[in-house]
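> need a 3D model of the following:
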Amino acid sequence: MKLFKNYRKNKHADAQYFTPDFDKMLRIVFWNSLGFFFFGFIIPQVADTILQVGGRELGFIWSAQIFGALLSSPLSGWLTDKILNKKLLVLIGSIGRGSSYLVIYSGILLKRLEIFVIGAFILGFSVALFWPPLDALISQKSYKTKRSYAFGRRFGLIGLGNLVGSIISIGIFASVNYYLPGNLTLQYSPLILFFLANIYAGIIFYKKVDENITIDEIIRNGLITNPEIRALKDAVPSHDTSDTSRFSKALFIAFLVFGITVFFSSVNQTIAEPFTQIYVRDYIIPGDILRDWINSDDVYIMLIYFPGPVLGQILSPLIGKICDKIKPTIGMPIVSTLGALFTLILINLINGWSFGILLLVDISFAMAGGLIFQNFLSRVSKAHRGKIFGMVSWLSRIGATIGPIIGGFVFDLKAQLPFIISIFVELALIIPFIISLKLIQPHLVEKIEIPKEKAIAK
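Take a look at the predicted model:
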């Protein structure tokens, strides 16, 4: 409780580390995230119960979404740095991801695998257009020592939107499943609401956000009223002398090592993820007392999946404040080790409620790793933020396209095999991650020097 009180107490003081329109900018995330939980739930659920396909086909459905993002990630990163209007990219991405929900809805009603796959592809393509420019805006509208907290606030609004969207979608899905079983039109109708929410979010974002307002300009022009934070003015140069237009050879090598590590990490993360829900359905909840009481596998799985991602994201601003104090070379190995441990525990669970608790803890640690990771990337270069976010996203999605396909083949051989592979690979990647982060660290444009930060705090 003390940690929560301190978080609320310091929230107002932290406001001056962000631009005045920062909160308005983040509101789009709430509307865009209404359908996150429901979409993540219906991919394996529809594949298993409506389309009635196996692990290989489910792997291809999952990969179609990531393949769409794979194609648009390089384009999005380049456009983010080359065109001034990042808002336009966010608007296009928001409309695209909203439209994908309608295509997916049509695929469900028609029970056509190819239409469902096309909808997943459009969603992935649009998502990759959306995040790099938004992450670049978050970076340029927040001060470097609060960057994990800034991204944590983004995830917090995702969690809030996820909470509202989950309540709506679970309510509709469960009610129709109970009173009108088999009515797919009503059961999956939340997809229409999420389509409208994404269109609305994109338009409001485009009208309200001014991307020319940056935290550097505010500090440089002396527009900080708090005398303790005004000391930051001297730390912001009149121009970015250290941020060159080209990467050095050493930085290129560092990113090459880093990229290879990110690639294999993404393969590993998605080798088991698409099949977790089916594994829970077939191996964990049979015979579970609560499942018998609820009398519906689909509704029970929704309920045990719901708390983890939603509460984990809502807690992410608090997690972000903690992550701002953790070195990446320390934080990432801890997260990887715990991730492997949680996977090992997962395949030995015997009931659904224990899975729900484990999922919440697992997502919280994974969220911490993601925030540390994004903070680190945002400080490599100011001029090339879009390219960096886009490049890392692209490499991640190459791996994430391959992972589900490999996972689908081994899942059909033995259900536990994707999870066992994931444990060993995650542990094996710890040392390469540490090496790659240490290679990049000397080249950071925005360095955080602890003694200076302590001086400012005093």
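> in the stretch 351-458 of the chain, where is pLDDT below threshold?
For the stretch 351-458 of the chain, residues meeting the criterion pLDDT under 70 lie at 381-387, 389-390, 446-458.
> apply 50 and report the result again.
Low-confidence regions of the stretch 351-458 of the chain, defined here as pLDDT under 50, cover residues 450-458.
> may I ask you to name the longest helix in the protein?
helix 147-179 (DSSP state H).
> sort out which residues of that helix are buried, please.
By neighbour count on 16 or more other C-beta atoms under 10 Å, the buried set for helix 147-179 is 147-166, 168-170, 172-174, 176-177. C-beta: built from backbone N, CA, C; applies to glycine.
> could you do stretch 276-286 as well?
Counting neighbours by 16+ other C-beta under 10 Å, stretch 276-286 gives 276-281, 284-285 as buried.
> how about the residues you listed in CSV, adding distance to residue 139?
Formatted as CSV, the buried residues of stretch 276-286 follow (distance: C-beta to C-beta, whole Å):
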residue, distance to residue 139
276, 32
277, 34
278, 38
279, 37
280, 37
281, 40
284, 40
285, 42
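> in helices, which of these fall?
In helices, judged by DSSP H, the following of those are found: 276-279.
> quick one: secondary structure of the residue lying closest to residue 377 once chain neighbours are set aside?
Of all residues beyond its chain neighbours, the one nearest residue 377 is residue 388 (5.6 Å), with distances taken as C-beta to C-beta, 6 or more residues apart in numbering. Using DSSP: H, G, I helix; E, B strand; the rest coil, the secondary structure recorded for residue 388 is helix.
> for residue 388, give its distance to residue 149.
Relative to residue 149, residue 388 is positioned 20 Å away (criterion: C-beta to C-beta, to the nearest Å).
> what score does residue 166 have for pLDDT?
Residue 166 carries a pLDDT score of 89 in this model.
> and it, what does it touch?
Applying C-beta atoms under 8 Å, 6 or more residues apart in numbering to residue 166 gives the contacts 37-38, 306, 310.
> try it again with 10 Å
With contact taken as C-beta atoms under 10 Å, 6 or more residues apart in numbering, residue 166 is in contact with 34-38, 41, 159, 190, 302-303, 305-307, 309-310.
> one more: residue 435?
254, 257-258, 261, 329 are the contacts of residue 435 under C-beta under 10 Å, 6+ apart.
> tally of neighbours for residue 442?
Here the count is done by other C-beta atoms under 10 Å, and residue 442 has 10 residues near it.
> same question, residue 329
16.
> now do the buried residues in stretch 115-131.
Buried-residue list, stretch 115-131, by 16+ other C-beta under 10 Å: 115-131.
> and what of stretch 99-110?
Those buried within stretch 99-110 under the rule 16+ other C-beta under 10 Å are 99-105, 107-108.
> residue 160 against residue 36, yeah?
No - between residue 160 and residue 36 there is no contact under C-beta atoms under 10 Å: 11.2 Å.
> which residues do those two both contact?
Taking C-beta under 10 Å, 6+ apart as the contact rule, the neighbours common to residue 160 and residue 36 are 310, 313.
> any idea how far residue 157 is from the closest residue to residue 378 other than its chain neighbours?
Closest residue to residue 378 in three dimensions, ignoring its sequence neighbours and counting by C-beta to C-beta, 6+ apart: residue 139, at 4.1 Å. Residue 139 sits 17 Å away from residue 157 when distances are taken as C-beta to C-beta.
> can you list the weak-confidence ranges in the chain?
Residues of the chain that meet the criterion pLDDT under 50 lie in 1-10, 228, 234-245, 450-458.
> OK, contacts around residue 25?
With contact set as C-beta under 10 Å, 6+ apart, residue 25 has these partners: 18-19, 87, 90, 134, 137-138, 141, 154, 205, 208-211, 213.
> give me the subset of the residues you listed lying in strands.
Among the contacts of residue 25, none falls in strands (DSSP state E).
> just the buried residues of those residues.
Among the contacts of residue 25, those scoring as buried are 18-19, 87, 90, 134, 137-138, 141, 154, 205, 209, 211, 213 (criterion: 16+ other C-beta under 10 Å).
> closest one of these to residue 361?
Compare each of the buried ones among the contacts of residue 25 with residue 361 using C-beta to C-beta and the shortest gap goes to residue 154, at 21.4 Å.
> the closest one contacts residue 26, correct?
Yes - here residue 154 reaches residue 26: they are 5.9 Å apart, a contact under C-beta under 10 Å.
> what is in contact with these two at once?
Taking C-beta under 10 Å, 6+ apart as the contact criterion, the common neighbours of residue 154 and residue 26 are 134, 138.
> how about the CA coordinates for stretch 181-199, as PDB?
What follows is stretch 181-199 as a C-alpha-only set of coordinates in PDB (Å, rounded to 0.1, in the frame of the first residue of the first chain):
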ATOM      1  CA  PRO A 181     -26.000 -20.700 -28.200                       C
ATOM      2  CA  GLY A 182     -24.700 -20.900 -31.700                       C
ATOM      3  CA  ASN A 183     -25.700 -17.300 -32.600                       C
ATOM      4  CA  LEU A 184     -22.400 -16.200 -34.000                       C
ATOM      5  CA  THR A 185     -23.700 -12.900 -35.200                       C
ATOM      6  CA  LEU A 186     -24.400 -11.700 -31.700                       C
ATOM      7  CA  GLN A 187     -21.700 -13.700 -29.900                       C
ATOM      8  CA  TYR A 188     -18.900 -11.900 -31.900                       C
ATOM      9  CA  SER A 189     -20.700  -8.600 -32.300                       C
ATOM     10  CA  PRO A 190     -18.100  -6.800 -29.900                       C
ATOM     11  CA  LEU A 191     -15.900  -6.700 -33.000                       C
ATOM     12  CA  ILE A 192     -18.200  -4.100 -34.500                       C
ATOM     13  CA  LEU A 193     -17.900  -1.900 -31.400                       C
ATOM     14  CA  PHE A 194     -14.100  -2.200 -31.500                       C
ATOM     15  CA  PHE A 195     -14.100  -1.100 -35.200                       C
ATOM     16  CA  LEU A 196     -16.000   2.100 -34.300                       C
ATOM     17  CA  ALA A 197     -13.800   2.800 -31.300                       C
ATOM     18  CA  ASN A 198     -10.600   2.600 -33.500                       C
ATOM     19  CA  ILE A 199     -12.000   5.000 -36.100                       C
END
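> quick one: residue 308 from residue 364, how far?
Residue 308 is 9 Å from residue 364, by C-beta to C-beta.
> dump stretch 399-419 to PDB, restricted to CA.
Presented in PDB, the C-alpha positions along stretch 399-419 are these (Å, rounded to 0.1, in the frame of the first residue of the first chain):
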ATOM      1  CA  GLY A 399      11.000 -14.200 -35.600                       C
ATOM      2  CA  ALA A 400       7.400 -14.000 -34.500                       C
ATOM      3  CA  THR A 401       6.300 -15.200 -38.000                       C
ATOM      4  CA  ILE A 402       8.500 -18.300 -37.900                       C
ATOM      5  CA  GLY A 403       7.800 -19.100 -34.200                       C
ATOM      6  CA  PRO A 404       4.100 -20.100 -34.500                       C
ATOM      7  CA  ILE A 405       4.700 -22.200 -37.600                       C
ATOM      8  CA  ILE A 406       7.500 -24.200 -35.800                       C
ATOM      9  CA  GLY A 407       5.300 -24.400 -32.700                       C
ATOM     10  CA  GLY A 408       2.400 -25.700 -34.700                       C
ATOM     11  CA  PHE A 409       4.400 -28.600 -36.100                       C
ATOM     12  CA  VAL A 410       5.800 -29.600 -32.700                       C
ATOM     13  CA  PHE A 411       2.500 -29.100 -30.900                       C
ATOM     14  CA  ASP A 412       0.900 -31.600 -33.200                       C
ATOM     15  CA  LEU A 413       3.600 -34.000 -32.300                       C
ATOM     16  CA  LYS A 414       3.400 -33.400 -28.500                       C
ATOM     17  CA  ALA A 415       1.400 -30.700 -26.800                       C
ATOM     18  CA  GLN A 416       4.100 -29.900 -24.200                       C
ATOM     19  CA  LEU A 417       7.000 -29.700 -26.700                       C
ATOM     20  CA  PRO A 418       6.700 -26.000 -27.700                       C
ATOM     21  CA  PHE A 419       6.800 -25.000 -24.000                       C
END
